[in-house]
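# sequence plus predicted model, see below.
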Amino acid sequence: MTKTESYRDLIVWQKAMDLAVELYRLTSKFPAPETYRLVSQITRAAASIPANIAEGGARATPKDYANFLSIAKGSLTEAETLLTLAIRLNYLTQENAQYALNLSTEVGKMLTVLRRRLTD
């Protein structure tokens, strides 16, 4: 990311925001007892993805930025795992979750490419 570029200009950040919004939307339909359990975990992980992309972009060195991208990738896999758990618990169907799963795959690939560019 160049000095004049904002994290908001990054497609990976935009897609991560789309994923977070989608996960918030999907979890809004979960049973009430899950509000402080699975919903809380999924939404925290989802919000952490674009937040870490943004925070990393504000860091002074490419190494620091790459570290925050790794944290974002960890939050991404956490959110994806919890989404899969929600499917297995029948809170969602595979069909209802497919858009979020596709976004997750796309964001994961983008994070990997961006991190490689920073570390190579």
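Received the coordinates, thanks. Numbering: from 1, shown residues only.

# now do the helices in this structure.
11-27, 38-57, 62-88, 94-119 (DSSP state H).

# of all those helices, which one comes closest to residue 5?
helix 38-57 (8.2 Å; Cβ to Cβ). To be clear about C-beta, it is placed using only N, CA and C from the backbone, and glycine gets the same treatment.

# what is the orientation angle of that closest one with helix 11-27?
With axes from the mean of the first three to the mean of the last three Cα atoms, to 10 degrees as the basis, helix 38-57 and helix 11-27 are set at 170 degrees to each other.

# quick one: residue 114 from residue 15, how far?
Here the criterion is Cβ to Cβ, to the nearest Å. By it, residue 114 lies 12 Å from residue 15.

# these two: which is more packed in?
residue 114 (23 against 19; other Cβ atoms under 10 Å).

# returning to what we had before: so what sits against both of residue 114 and residue 15?
Counting by Cβ atoms under 8 Å, 6 or more residues apart in numbering, no residue touches both residue 114 and residue 15.

# can you give me the pLDDT of residue 4?
We have a pLDDT of 45 for residue 4.

# return the residues in contact with residue 80.
Residue 80 neighbours (Cβ under 8 Å, 6+ apart): 101, 104.

# that one and residue 98: what is the separation?
12 Å.

# what residues are shared contacts of these two?
Shared contacts of residue 80 and residue 98 (Cβ under 8 Å, 6+ apart): none.

# mind checking the backbone torsions on residue 59?
Per-residue torsions, residue 59: phi -80, psi 160 (degrees, to the nearest 10).

# lovely, talk soon.
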